[in-house]
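Student: what shape does this take:
(2 chains)
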Protein chains: 2
Amino acid sequence: MDTVAIFGVGLIGGSFGLALRSAGFTGPILGVSSAATIAQALDLGIISEGVSLEEACSRADLIYLAQPIRQIIDVLPRIAPHLRSGQLVTDAGSTKVQIVETAGKFISRATFLGGHPMAGKEVRGVSAADASLFRDRPYLITPSHTTDLQNMAVIEFLDYVRLMGANPVILDAAEHDRSVAYISHLPQLISTALANLLAGVPRARDIAGPAVLDSTRLALSPYEVWRDILETNPAQITAAIDEMNGVLLSLKQQLTMPGMEQMFEQAAVVARSIRKK
Amino acid sequence: MDTVAIFGVGLIGGSFGLALRSAGFTGPILGVSSAATIAQALDLGIISEGVSLEEACSRADLIYLAQPIRQIIDVLPRIAPHLRSGQLVTDAGSTKVQIVETAGKFISRATFLGGHPMAGKEVRGVSAADASLFRDRPYLITPSHTTDLQNMAVIEFLDYVRLMGANPVILDAAEHDRSVAYISHLPQLISTALANLLAGVPRARDIAGPAVLDSTRLALSPYEVWRDILETNPAQITAAIDEMNGVLLSLKQQLTMPGMEQMFEQAAVVARSIRKK
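Tutor: Numbers count the residues shown, from 1 in each chain, chains lettered A, B, ... in the order given. The predicted structure is shown next:
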């Protein structure tokens, strides 16, 4: 791959550009974003030029869609007529079923590969971009066809993902959306719920310790990012909230009973296992 | 204060000893703990000698009870007959109503001051003791009588707490137990519940990102510490779980509706406010 275009040069798109450079990519990195973002991304040395959607499609071998989910879904039919065979289009959206379905409908000449780097910060924007954002993090890949993994452009892209220090994990789009409902969306909503609850606790600010600071970190996340996630994965998120309520009720019922010890032990086993690499 | 005795030289007791030294205390620090812990605490230079309960009560001006809550409640009547006027007994238990009530029943000659440093780690034991554990953390104080705050020994103790970098916060024991149900106990149970839920998510370990790692840190906490907390604050914890379930249900109902934006905004306001010092 000689030329890369990043659509949406924010935290994720900007970090992808920086990580690509760190991984040894030396070709042009084109940016498709608002004028203000393009100026900032040029200043930060993340992109080599700002271009139009059409020019990006005409020049780039890899098109990296890093906008909010809704914009990714909107841009797919717009780029489709400008694509050609041999190009790879991939995205960084946090839900995959609707994006992969839309790509399947519109992208025919180029190859589309759904992607989701499990990395982020509570802040947005290109100024927070970080070359090591993906390091030691899973990079979820949801190919539309398993044969896509033999595609030369896909193989090269995944090599770069590994060079960025990320761990590609292949899974089905539906399996992805179900799993991230528990791994990512539920933790976000729990943090949002807890922070809302704390609004009613007198002197919460005076007595907050490390537990509640950790537990409310995600509550700092901007709604603009989450609106699209909630709107494109509501069934799985609803199921996850219901299950969470069920487990909390069962903890409540067993609060001072021997079953509680097992709940703590099981929780510690899981918490340790997801920390082991 | 010339001599201090720490009962239960674990993570909190050991950290208190180290922090006391860093704060400039030069007198003897006596330890009352199991033989193995005493040996380790001597090795680490945290205590100057291991002594019996009786000797600690006879020699120390400050008696610092840092055992699990149940043991604090058990030791109060045992130390009572050995205490004298002018001594200060304080504790580091995570719930306060039952401890303060027990102290009120048994401790008459010495002064008792309920305390709760809002600091901790997911690991136990003196080997994890850390001189800076209390730094920049609230140190909750629940005096039995407001006049206790004019007591010379209390004033000196609170001066040391400030020298350790902690922020003393005075509140009533019942108010304490209600507030920490939301600030500390609920976050713990949420993390325990989430980790239990994740046991049923396929490939959770492969796809875990920063959100779920933060959200399950508390799930690593040992049940031995939590059993006593749950048993001594069940009514407040039950109320907090009920409220949490209510907020989660309301998030579920508003998932893709405009009210969600307000929930995110309110959460971010609270999350930011408890981070401001």
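Student: now the helices: where do they sit in the stretch 151-277 of chain A?
Tutor: For the stretch 151-277 of chain A, helices defined by DSSP state H, counting those that start in this stretch occupy the ranges A:152-163, A:173-180, A:186-198, A:204-207, A:210-215, A:223-232, A:234-253, A:259-273.
Student: what's the most buried one of those?
Tutor: With neighbours taken as mean count of other C-beta atoms under 10 Å in any protein chain shown, the helices of the stretch 151-277 of chain A reach their highest mean count in helix A:186-198, at a mean of 26. Where you see a C-beta, it was placed from the backbone N, CA and C, and this is true even at glycine.
Student: output that one as CSV, nothing but the C-alphas.
Tutor: Extracted as CSV, the C-alpha positions of helix A:186-198 are listed here (Å, rounded to 0.1, in the frame of the first residue of the first chain):
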residue,chain,number,x,y,z
LEU,A,186,-22.5,-1.9,29.5
PRO,A,187,-19.5,-0.6,31.4
GLN,A,188,-20.1,2.8,29.9
LEU,A,189,-23.8,2.9,30.9
ILE,A,190,-22.9,1.6,34.4
SER,A,191,-20.5,4.4,34.9
THR,A,192,-23.0,6.9,33.5
ALA,A,193,-25.7,5.5,35.9
LEU,A,194,-23.4,5.6,38.9
ALA,A,195,-22.3,9.2,38.3
ASN,A,196,-26.0,10.2,38.0
LEU,A,197,-26.7,8.5,41.3
LEU,A,198,-23.8,10.3,43.0
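Student: so which elements touch that helix?
Tutor: helix A:210-215, helix A:234-253, helix B:186-198, helix B:210-215, helix B:234-253, helix B:259-273 (3 or more C-beta pairs under 8 Å, 6 or more residues apart in numbering or on different chains; DSSP states H and E).
Student: closest one to A:H145 among the ones you listed?
Tutor: helix A:234-253 (23.0 Å; C-beta to C-beta).
Student: which other helices and strands contact that closest one?
Tutor: Counting by 3+ C-beta pairs under 8 Å, 6+ apart, helix A:234-253 packs on helix A:186-198, helix A:259-273, helix B:186-198, helix B:234-253.
Student: and these as JSON lines, adding distance to A:I63?
Tutor: Output for the helices and strands packed on helix A:234-253, formatted as JSON lines (distance: least, C-beta to C-beta, whole Å):
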{"stretch": "helix A:186-198", "distance to A:I63": "28"}
{"stretch": "helix A:259-273", "distance to A:I63": "37"}
{"stretch": "helix B:186-198", "distance to A:I63": "34"}
{"stretch": "helix B:234-253", "distance to A:I63": "35"}
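Student: tabulate these (TSV), appending mean pLDDT and distance to A:S48.
Tutor: Putting the helices and strands packed on helix A:234-253 into TSV (pLDDT from 0 to 100; distance: least, C-beta to C-beta, whole Å) gives the following:
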stretch	mean pLDDT	distance to A:S48
helix A:186-198	98	34
helix A:259-273	96	43
helix B:186-198	98	42
helix B:234-253	97	43
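Student: which among the helices of the stretch 151-277 of chain A is found nearest to B:R21?
Tutor: Among the helices of the stretch 151-277 of chain A, if distance is taken as C-beta to C-beta, the winner is helix A:210-215, at 22.7 Å.
Student: can you lay out the helices and strands packed on helix A:186-198 as TSV showing distance to B:L76?
Tutor: Shown next, in TSV, are the helices and strands packed on helix A:186-198 (distance: least, C-beta to C-beta, whole Å):
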stretch	distance to B:L76
helix A:210-215	27
helix A:234-253	30
helix B:186-198	25
helix B:210-215	37
helix B:234-253	21
helix B:259-273	37
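Student: A:S221 is nearest to which of the ones you listed?
Tutor: Per C-beta to C-beta, nearest to A:S221 of these: helix B:259-273, 7.5 Å.
Student: how much does the closest one deviate in direction from helix B:234-253?
Tutor: Interaxial angle, helix B:259-273 versus helix B:234-253 (axes from the mean of the first three to the mean of the last three C-alpha atoms, to 10 degrees): 140 degrees.
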